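S.K.: the following block contains a protein sequence and its predicted model.
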Amino acid sequence: MHPAIQGLIMIVVGVGGCIGYFYGANLLLDKVVFRATGPNAGRNINRANLIRPWLFLLPAILALSVYLVYPVIATLRLSFLERLPGNEYAFVGFENYSKMFAEPKFVEAMRNNVLWLVVVPAASTGFGLLIAQLTDRLRWGNIAKSIIFMPMAISFVGAAVIFKLVYEARPAEVAQIGVLNHLYLLFGGDAPQQWLQIPFWNSLFLMVVLIWIQTGFAMVILSAALRGIPSETVEAAVVDGANPFQIFFKIKIPQIVSTIVVVWTTITIATLKVFDIVFAMTNGQWETQVLANYMYDKLFRANDWGMGSAAAMIIMLMVTPILFWNVYNARKEMR
Amino acid sequence: MDSIAGKKPAVVWALNISVLALVLLWLFPTMGLFVSSFRTGDQITASGWWSAMFPAEQTLQIRAADPDDFRVDLGNGRYLVEGNVFGEEPFEGEMKAWATSSRALGAFAPGDINDLGDGETFVLEADGTYQWEGNDDQISGRAQRLFIEAIIPPEFTLNNYNFVLFDEGNSEGMAKAFFNTLTVVIPATIIPILVAAFAAYALAWMDFPGRALLIAAVVGLLVVPLQLALIPLLSLHNAIGIGKGYLGVWLAHTGFGLPLAIYLLRNYMVGLPRDIIENARVDGATEFQIFIKIILPLSFPALASFAIFQFLWTWNDLLVALVFLIDSSGQTTVMTKQIVELLGTRGGDWEILATSAFVSIAVPLAVFFAMQKYLVRGLLAGSVK
């Protein structure tokens, strides 16, 4: 069957199934199980209303349990097992973890990931804040923001191609077609550089791609936060003779700290999961390995589910503090 | 602040210029890809894309006409091949120099007579006409190779797009991948919206024990890395017979998109006016009617926000497609995967790479610029709260 027809059928079945389920389940509840007529009408309405929320929630809860909760538990379990031939498993305790920690590639991936986690959120938030402040009073500020926000729509793979062209190196005797090498030679560099093959620096060049994408996100949110600052506080500072830098750092920043934290943590999570950029640009060669790509290597290239799952659990472990922090904040706001 | 800045034109100028510099810095990489996709492979390797607007010097490799078909007998055992290396159309560039060997590039000026030895000569004029003369042995077999250095005026072409999208013989074309991506994206965007909308309504406007706990769970699940889901879910899909395919990838995207969908929609629905919903309840509307007739239409902005997120995310996704969709037959490849393949096999062919990448970027960019308002609104609802 042609995939497009299959897709169409999926839409019809999916949408129709959802509507049908919700409509049918409600009808069943009101007209058959707990009828709102007869001697028990009042009690039946109450009972129906006790059950109805769960009817509304059931598909979502099912999908969330199967696609997010179950995998976390299953991955945890897999990380303690070793796959034997013939689809059998043996419990090996923490052996997958200890083997992994002893692997130089894993140590490299951890080190790079920490570097990514330090550089990318800081740079994206910093640039985002800077641009949000600079464009705030500009007449063409919205156009500027729109252009800086644009990379958000571009896939990591697309961005990888874009930046591969920027970093492209050609032999010294022919014209350079990568901007970076062109500028490098223009400002006195001796020979064209293979930017993605210089250890340590190449990780930074990969980070540039993510910073380029994430800055727009930080800018949009911080820009809204800056606009939300009560103008009285700024005006009072102006009257007291504060200069623009003092206003920005001492009046504005303290009032948007909580938003900065939200932006920072959101970008941190995106950074932790970074996969496509490394996969497409270097595939972890030249010491650019990161955890997500390491995990993909283990799972699908080496077919080592135990160590791959252990690597996935490390990512989960690094996300967990943010997870609890978010839940804590959400609950605080609801009260 | 503008009261201060307004008084100092220098500050205003500095502000405008620094923002302009940042904007250009952000735009420059994408521009490179965009411009390159309209240049031929020769043009791309001859000069940086930033000089594409200006004439560039290039070395063209051309062969003279085949001597066995085109030579003219001059008598005395002499033969001549005549013609124009640039074909019928007049040459628009400016020829600087030429050569017949790659080891002596630029050896001759236009109009010079190149003595190839033993009485064989080659003359090339600036307009591309040439005379190649010699004896029977010399003017036969392979045609003479020419290396022409010329300044070529800027020229843009749609051939790359033609080749990447419409060429039937191109096994690495994007047309199939484009439709595959579309097939993945549309159901994967629509279905989670419906599932999430009902759940969000229950979490926002119905009272039941465990509601707070469920909301906390959704917030927690927002950040669970989908990397954890790969192996367990693939095993599950294989066990229940879905295997690798569209159904699997639709379900996976639905599951992974749900937390954000529920979170965004609930946050929005909670803010809807209580009076409307309670009036409807008093008037005897069922919860189902309230949801369909009141909540859903009023929540349109939030639905649109999530739809754009999910659309961009599924369109741009590589990992989920790699794991749940693309099998060894390669029939179900999506554009992101196709581009990664091209990076491996056609790493130096920038005209193909740039065009393929731009084909995959164009749709999300169009959606982005058309629906930016909703995207921003969704971001703000998702993060600032």
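M.R.: That came through fine.
S.K.: going forward, measure contacts between C-alpha atoms and count neighbours the same way
M.R.: Fine.
S.K.: what residues does the stretch 201-335 of chain A have near chain B?
M.R.: By the rule C-alpha under 8 Å from any C-alpha of the partner chain, the part of the stretch 201-335 of chain A lying against chain B is A:212, A:217, A:220-221, A:224, A:234, A:238, A:244, A:259, A:262-263, A:269, A:273, A:275-276, A:280, A:292, A:299, A:305, A:309, A:312-313, A:315-316, A:319, A:322-324, A:326-327, A:330-331.
S.K.: can you flag the buried ones in the residues you listed?
M.R.: A:212, A:217, A:220-221, A:224, A:234, A:238, A:244, A:259, A:262-263, A:269, A:273, A:275-276, A:280, A:292, A:299, A:305, A:309, A:312-313, A:315-316, A:319, A:322-323, A:326-327, A:330 (16 or more other C-alpha atoms under 10 Å in any protein chain shown).
S.K.: most proximal residue of the stretch 151-300 of chain A with respect to chain B?
M.R.: A:Ile177 (4.1 Å; C-alpha to the nearest C-alpha).
S.K.: per-residue pLDDT, residue 241?
M.R.: No chain was given, so I picked chain A. A:Gly241 is assigned 83 on the pLDDT scale.
S.K.: hm, I was asking about chain B
M.R.: pLDDT, B:Gly241: 80.
S.K.: next, it: phi, psi?
M.R.: B:Gly241 adopts backbone torsions of phi 90, psi 10, taken as degrees, to the nearest 10.
S.K.: can you check B:Leu230 too?
M.R.: With angles defined as degrees, to the nearest 10, B:Leu230 sits at phi -60, psi -60.
S.K.: tell me how many other residues crowd the closest residue to it other than its chain neighbours.
M.R.: Once flanking residues are discounted, B:Leu230 sits nearest to B:Val323: 6.8 Å by C-alpha to C-alpha, 6 or more residues apart in numbering or on different chains. Counted by other C-alpha atoms under 10 Å in any protein chain shown, the residues lying close to B:Val323 total 19.
S.K.: pull the contacting residues for residue 304.
M.R.: Picked chain A for this. Residues near A:Asp304 by C-alpha atoms under 8 Å, 6 or more residues apart in numbering or on different chains: A:Arg83, A:Lys298.
S.K.: you answered for a different chain; I wanted chain B.
M.R.: Shown in contact with B:Ala304 (C-alpha under 8 Å, 6+ apart): B:Tyr374.
S.K.: list the buried residues for the helix or strand where it lies?
M.R.: B:Ala304 belongs to helix B:300-316 when elements are defined using DSSP states H and E. Residues of helix B:300-316 classed as buried: B:301-316 (neighbour count, 16+ other C-alpha under 10 Å).
S.K.: the helix or strand following it packs against which elements?
M.R.: The helix or strand immediately downstream of helix B:300-316 is helix B:319-324, counting by DSSP H and E. The elements that helix B:319-324 packs onto, with contact taken as 3 or more C-alpha pairs under 8 Å, 6 or more residues apart in numbering or on different chains; DSSP states H and E, are helix B:230-239, helix B:246-270.
S.K.: ranking these by burial, who's on top?
M.R.: Comparing the helices and strands packed on helix B:319-324 on average neighbours per residue, with mean count of other C-alpha atoms under 10 Å in any protein chain shown, the densest one is helix B:246-270 at a mean of 24.
S.K.: what stretches of the chain score poorly on pLDDT?
M.R.: Just going to use chain A. Chain A contains residues with pLDDT under 70 at A:1-4, A:7, A:36-38, A:335.
S.K.: that's the other chain; I wanted chain B
M.R.: Applying pLDDT under 70 to chain B flags residues B:1-7, B:382-385.
S.K.: which residue is most remote from the mean position of the chain?
M.R.: Went with chain A since none was named. Using C-alpha atoms, centre = their mean, the residue of chain A lying farthest from its centre is A:Pro39. It sits 55.2 Å away.
S.K.: actually chain B
M.R.: Here chain B reaches farthest from its C-alpha mean at B:Asn76, the gap being 60.8 Å by C-alpha atoms, centre = their mean.
S.K.: A:Met307 - nearest residue in space that isn't next to it in sequence?
M.R.: Spatially, and ignoring its direct neighbours in sequence, A:Met307 is nearest to A:Asn96 (5.2 Å; C-alpha to C-alpha, 6+ apart).
S.K.: let me redo that: A:Ala25
M.R.: Nearest in space to A:Ala25, with sequence neighbours left out and distances taken as C-alpha to C-alpha, 6+ apart, is A:Leu55 at 7.0 Å.
S.K.: so what's the residue count around the nearest residue to B:Gly245 once chain neighbours are set aside?
M.R.: With sequence-adjacent residues excluded and distances taken as C-alpha to C-alpha, 6+ apart, B:Gly245 is closest to B:Leu325, at 4.5 Å. Neighbours of B:Leu325 under the rule other C-alpha under 10 Å: 24.
S.K.: so B:Leu325 touches B:Lys244, yeah?
M.R.: Yes. At 4.9 Å, B:Leu325 counts as touching B:Lys244 under the criterion of C-alpha atoms under 8 Å.
S.K.: contacting residues for residue 72?
M.R.: No chain specified, so I'll use chain A. A:Val72 sits next to B:Leu228, B:Ala229 when contact means C-alpha under 8 Å, 6+ apart.
S.K.: chain B was what I was after
M.R.: By C-alpha under 8 Å, 6+ apart, B:Val72 lies in contact with B:Tyr79, B:Leu80, B:Val81.
S.K.: please convert those to JSON lines, extending it with distance to chain A.
M.R.: Formatted as JSON lines, the contacts of B:Val72 follow (distance: C-alpha to the nearest C-alpha, whole Å):
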{"residue": "B:Tyr79", "distance to chain A": "38"}
{"residue": "B:Leu80", "distance to chain A": "36"}
{"residue": "B:Val81", "distance to chain A": "33"}
